[in-house]
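>>> Give me a model of this one.
(4 chains, ligands or ions: 4)
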Amino acid sequence: WAQEAKKVTIGVSIPAADHGWTAGVVFHAERVAKLLMAEHKGLNVIVKTSADPASQANAVQDLAVQGIDALVILPTDPDQLVSAIQQVKDDGKFVALVDRAPSVNDNTIRDLYVAGNNPALGEVAGQYIAKTTPEAEVVIIRGLPIPIDQQRQDGFDKGIEGSKVKILDRQYGNWSRDDAFRVMQDYLTKYPKIDVVWCQDDDMAVGVMEAISQANRTDIKYVVGGAGSKDMIKKVMDGDKMMPVDVLYPPAMVATAMQLTAGGFYDQVPVSGNYILDATLVTKDNAKDFYFPDSPF
Amino acid sequence: MNAVATDTTKAPRTSKDWDMAAIAPFVALALLLVLGYFANPNFVSVANLTNVITRSAFIAIIALGATYVISSGGLDLSVGAMVAFVASLMILFMNSGAVADPMLMLIAAMMLALILGAACGLTNGLITTVGKIEPFIATLGMMGIYRGLTTWLSQGGSITVRDRELQQLYRPVYFGDVFGVPIPIIVIFVTAALAAFVLYRTRYGRHVIAVGSNEEVARYSGISVQKVRTIAYVIQGLCVAVAVIIYVPRLGSTSATTGILWELQAITAVVVGGTALRGGVGRIWGTICGAFILEIVGNIMLLSNFVSEYLIGAIQGAIIIIAMLVQRTLMRK
Amino acid sequence: MNAVATDTTKAPRTSKDWDMAAIAPFVALALLLVLGYFANPNFVSVANLTNVITRSAFIAIIALGATYVISSGGLDLSVGAMVAFVASLMILFMNSGAVADPMLMLIAAMMLALILGAACGLTNGLITTVGKIEPFIATLGMMGIYRGLTTWLSQGGSITVRDRELQQLYRPVYFGDVFGVPIPIIVIFVTAALAAFVLYRTRYGRHVIAVGSNEEVARYSGISVQKVRTIAYVIQGLCVAVAVIIYVPRLGSTSATTGILWELQAITAVVVGGTALRGGVGRIWGTICGAFILEIVGNIMLLSNFVSEYLIGAIQGAIIIIAMLVQRTLMRK
Amino acid sequence: MSVSAPAAASSHAIPLLEGAGLSKTFGIVEVLKDIGLTVRAGEVHAIIGENGAGKSTLMKILAGNHQPTRGELRIDGKPVSFAGPVDAENHGIVLVHQEILLAPDLTVAQNIYLGRELGNGLALDDRAMNEGAAKAIRELGGDLDPNAIVSRLSIAQRQLVQIARVLLVPHRIVIFDEPTASLTPHETEALLKVIRDIRAKGVGVLYISHRLPEVKEIADRVTVLRDGRLVASHETAELQPADMARLMVGRDVAKLYPDRQAAAARETVLNVENFDVPGYAQNASFSLRKGEILGFAGLIGAGRTELMEGLVGLRPARGKVTLRGHSVAFTDVHSSLKAGVAYLSEDRKGKGLLLTKDLRTNLTLASLGKFIRGFQIDRQREAQALDTAIEEFDIRTGTKNILAGQLSGGNQQKLLLAKMMLLDPQVVIIDEPTRGIDIGNKEQIYKFIAALAEEGRSIIVVSSEMPELIGICDRIHVMRAGRIVGEVEGDHMNENEIVQLATGVKTGAGEAA
Ligand SMILES: Nc1ncnc2c1ncn2[C@@H]1O[C@H](COP(=O)(O)OP(=O)(O)OP(=O)(O)O)[C@@H](O)[C@H]1O
Ligand SMILES: Nc1ncnc2c1ncn2[C@@H]1O[C@H](COP(=O)(O)OP(=O)(O)OP(=O)(O)O)[C@@H](O)[C@H]1O
Ligand SMILES: [Mg+2]
Ligand SMILES: [Mg+2]
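Numbers count the residues shown, from 1 in each chain, chains lettered A, B, ... in the order given. Ligands and ions are numbered 1, 2, ... in the order given. Now for the predicted structure:
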């Protein structure tokens, strides 16, 4: 039990809560930080959020200055943070990388990789659409022009490969409800017939649904979102026709990484390698398993 | 005799010149409408134009306030964050269930929004006038504060109107119409008419222009420069509140990202409308026109099929610059 | 007429008065250092302070250019987008393999960055001066253009230096040091010294201040206002390029979101440093101090563990306002 | 209107500069009509005329600031046209503007050398420029720190800087547009000496002033403009100031100052005791009676302006002020105006008028309350007020749709006067009421001030022109270095007495207080 009092500091660097999903990340990181510290006496977990890659690089530096033993990082943009992470790793600290992988993602830069699967998020949505409505005409609302968005797009294209699903348009909605509302309104003006909307994020789905309901258009069969916000999961659970499924991309993955990291220090289990979480398709049947009513997301 | 700080060369020759300046934004708008028609004939459909004008309401109404602040010689960069802050508090109040009757609750919430907007505006005003901090920095700081408080209130997530009934009752404020004219459009024009009346017809409006054109002259004429400027910020706050009141029923929710960059859009609308950033000139109808132009540019981009989605931002930027060049050319005639 | 001596007992105050204004930002910085010490003793460690100053390099260097633009009476909101644009092109060039030898390639890439920066600055300058569009709007439009082009270049993703060897060769430009002083810090001070020399000691610098102080007077004095302003924008572009040159080795990659809001930070640094936004005053060392203040505020927030991260933005905003109030109070003495 | 032929050429040499058939139209208003004018080497040629006669416009044409609508310029007999002021300077023609054109954020030396900085190689030689500037100012009788920031200088000091700046340009012709309007006698004297010096070097000088004795003293020839036409041109020797006045105004200006009976001992309206404006005026005590005109004399920097600004709440101040028996402490102009105390700034462009707004807006700015009906400003009543003011104050302008900044200097002063009188104040403080005003208008303004006093209002006149104070005031306080050092009344109201008090040669009763 001597190890229980062992002093360990884990730094957690995550994106600022600037939209629903990242808010979920922050929520889970904070929640688990408290849990872990209560569980292990000597453990100190410092959670820091940053708005963009440059300031996240700063935050990583600042965490290093405080003397951490391990870094758990969910990078805003992995390629831009490689150097900063590398420095920590080179100092001999334990590094757990969450969610977003840089182009070079091997043992030289991290010990542990816990990942959601961005390409899979797109792919699962694509496959679902291809299977349910094989000849659908689809409009897409993208996020912001950053790599994870691109990965989801590529995944989606892969998912519909070989089907007759036709992509009418793809525009940026900036992961914002208001922008998604605006883009959807214009899609509705532009295309007299739309079968399916894929907006790869549940926040944007809110704006999309309002725009559709305002236009009283009946041609749209359904909307596919992503990430698994409580509101959308609820809709799926309730059997909302417009929102038959959601693709999971749980913000709780950061918590998993933190638990694994702490486990490495206290439980003497060697922790390393890849833990890829599924991009589970949430349907009416399994929705209740993913419904957390008190999460902010 | 002291003309050290004044520059009269760029002053318009006679009042005639101003007319051209006032018309220029409308000409730019007309050109844009033509352009839109060629990009996609759907563009000129009533449905589309109604959509576009309706959703320009937020920026248009906020920009009306910005016209006051700017023509009095100030600047407010915090309005976008203020929208998020006021909207969050308003929804939290609606969720609190403090008033049982939905209708009364709605009215109380709107009142609250107006009071909060005025209070935020007052804070901005006092910091720049009494605190004597450059408006740019003062309101940038306040932007951080309002945005930070909103993030904290929402715990980074979103704040949603919980009561379904209340939401249904409130919805028509954005989605409803009167004789086919959507309510937000009515709100735009009523607010603008009021703003134009106050700016052009009342003593306070005259004082705003005086303070913006030469603070010292205003002071020597017995005008309280600080009071006039502070009130301009309060008006800006009230306009933000009005925008919030029609914003909240649209999605029934807000988040920490609500209103990001709206301040830049509002200022752009004001300048595109012909109000000079150095103060002393205010064009209410130009501002409204500027807000329409901004929204229409985005709309045309989306409706046209020529532009890669990656380049939309670039084309929007280019169109704004071209619109300003058209204005300048017209004004030099 | 009677010849009598002018009463000079109350000779006007001289440049001495300005000293307080020049010192104020440094006082604010000192107070902040003390505050930082209490927040976390690690704060004053050499390692931490070196880190902080090193990473303030981007904003500091960009803000030097902004000092020129602002004191000449302009404004540039496009610098953040310009960083992304120039950096993207620079990396694309490095990835093109146009030059075989890594060292030569590196030098060529840096040259290219400088040329691109100057060209972007020139574009901004010409649009505001020859096109006679308000700098606020003109550079907001250019911001959209640069950012849009970057999105297009990166096809919505990020652009990364592919050649590992080149990346390793380049790394020391950000991470290396000379006698223990990190290279970015050296770059800050060399650039600032150069900027100070040009602004305070050369004819061009004098003309920048004159143009910002009173355009008409400058014109009457035979100074080409447009040329002076345009060159100021070119200097801003060059500063952006220098910032890019030390930015790229740090992360080895850029994306369309690189440099978002840096323009506001640069302008804040300039104003916190004591340069007035109306033009006519330029404080190079104050600007550097302002950039340090901004970075240190963020650093203290991160190091102290009292503040909920939701509130960081709010506290930062509040600290900037307080810093400005401290300055104003000092200056009124 | 008799147009006498230009004075017989005393020199047969080709004139340095010649303007022939010069006309200028702004919009639809023709402000100069067919002017022919010559400047010879080594002469001072004065241009006089009423406010708005077109003097400044003519000078701006000669110096390349304006293009003539018609007509031709010739230098050494050869036709030229100037692309701009710098082009004219390259031809050796320099202009001291009526308005002050300096960069407020630069120092004295930096302004003087702006656009032609001295330097060795890359770096500027600030030492040489500071020395050069100090020397140039000294030659003009001033004493200024070359490192002083211009925005902190008084108007007179700025005027000196502006003159020094122009004289440093290599020149063949120097045009002075009312250079002495804001200068004190001492500096005026020094300037006139400088002008004589450059004349002796063969430079041609064009000189504009409303101070006719000064014109008589310095000019070799005098040309008179009226309503944009050249009405006369004479050798100075042929004219007395009274003749000049007649030619300018078109009638005799026999008596400049109105007759006034000495006001009987009436009740005190305003009483000021131990009033301090920190940094500018100390321990000022004086009182003002109903219907009285009280003068304030002093040298530049004596602190008169600041004392008055402190009084009406424009500057932080302390002391005991009683208005009609009630103790008052004004913290802003609003409260002083409400109490019926109005102050007219000496700085009409910087503090008096909104130069980029029209006449109507300017006229009613301080008294908008009177034009409110319901919630609205009654524009019709505003327009009527403007018509009345134009008539009553004889504001000369081609069109009412002009911006205040486009009025001639003197007409701006009249507009400012009209603006403040709309407030119907009981106590009127007028700072430099006739700075830059032509003689005919001066007469009107004096009459007007006297009439105000007659109506029972009390008036304070701050002025640097002693004859004016002596001509219209009942009593004069003299200030020196921020203190009231004496009071002159009745027979003691003469220049000698005032100057002695102002310079500290003699100390008066006030000092004892
Ligand atoms: N830019 C302009 N636009 C329109 N009218 C103008 C302009 N500049 C001058 N004027 C008009 O031209 C006339 C002559 O003005 P000018 O300044 O030449 O008079 P002045 O003789 O110098 O008078 P003062 O003695 O008051 O200085 C005035 O009626 C004035 O209003
Ligand atoms: N903006 C300013 N900042 C600092 N000092 C000033 C400023 N303006 C004027 N002063 C100084 O205040 C003093 C008094 O000013 P001023 O010359 O206006 O006095 P005055 O008695 O009104 O004289 P006059 O009316 O003849 O100009 C002078 O020493 C002047 O230099
Ligand atoms: Mg004149
Ligand atoms: Mg004075």
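
>>> Point me to the residue of the stretch 101-250 of chain D nearest chain A.
Per Cβ to the nearest Cβ, D:Asp105 is where the stretch 101-250 of chain D lies closest to chain A, at 34.6 Å. Every C-beta, even on glycine, is put in place using the N, C-alpha and C of the backbone.

>>> is it true that that residue touches C:Ile209?
Yes - between D:Asp105 and C:Ile209 there is a contact under Cβ atoms under 8 Å: 6.2 Å.

>>> Spell out which parts of the stretch 101-250 of chain A neighbour chain B.
A:142, A:145, A:170-172, A:175-178, A:181-183, A:185-187, A:189-190, A:203, A:206-207, A:210, A:214, A:231 (Cβ under 8 Å from any Cβ of the partner chain).

>>> could you say which helix or strand contains the residue of the stretch 201-350 of chain D found nearest ligand 4?
Nearest residue of the stretch 201-350 of chain D to ligand 4, counting by Cβ to the ion: D:Thr305, 3.2 Å away. According to DSSP states H and E, D:Thr305 maps onto helix D:304-311.

>>> Other residues contacting that helix?
Contacts to helix D:304-311, defined as Cβ atoms under 8 Å, 6 or more residues apart in numbering or on different chains, come from residues D:272, D:275-277, D:279-281, D:284, D:296, D:298, D:315-317, D:321, D:330, D:336, D:341, D:343, D:346, D:429, D:431, D:460, D:462, D:479, D:482.

>>> returning to what we had before: which neighbours do D:Asp105 and C:Ile209 share?
Common neighbours of D:Asp105 and C:Ile209, using Cβ under 8 Å, 6+ apart, are C:Gly280, C:Val281.

>>> Check the nearest residue to D:Arg229 once chain neighbours are set aside and give its pLDDT.
Leaving out its chain neighbours, the residue that sits closest to D:Arg229 by Cβ to Cβ, 6 or more residues apart in numbering or on different chains is D:Lys33, at 5.1 Å. We note a pLDDT of 92 for D:Lys33 in this prediction.

>>> State whether D:Lys33 is indeed within a strand.
Yes - counting by DSSP: H, G, I helix; E, B strand; the rest coil, D:Lys33 falls inside a strand.

>>> burial measure for it, as a count.
Around D:Lys33 sit 17 other residues, with neighbours defined as other Cβ atoms under 10 Å in any protein chain shown.

>>> ok now do it, which residues does it touch?
Residues near D:Lys33 by Cβ under 8 Å, 6+ apart: D:Ser23, D:Gly228, D:Arg229.

>>> one more time with 10 Å, if that's ok
D:Gly21, D:Leu22, D:Ser23, D:Lys24, D:Thr25, D:Gly54, D:Arg70, D:Leu225, D:Asp227, D:Gly228, D:Arg229, D:Leu230 (Cβ atoms under 10 Å, 6 or more residues apart in numbering or on different chains).

>>> residue contacts, the residue in the stretch 101-250 of chain A positioned nearest to chain D?
Using Cβ to the nearest Cβ, the closest approach of the stretch 101-250 of chain A to chain D is made by A:Asp178 at 36.3 Å. The neighbourhood of A:Asp178, defined by Cβ under 10 Å, 6+ apart, consists of A:204, A:206-207, B:55, B:58, B:247, B:250-251, B:254-255, B:257-260, B:262.

>>> Just give the nearest non-adjacent residue to the closest residue to chain B within chain A, would you?
Of all residues in chain A, A:Ala17 sits closest to chain B, at 2.3 Å by Cβ to the nearest Cβ. Closest residue in space to A:Ala17, ignoring its immediate chain neighbours: B:Gly156 at 2.3 Å, by Cβ to Cβ, 6+ apart.
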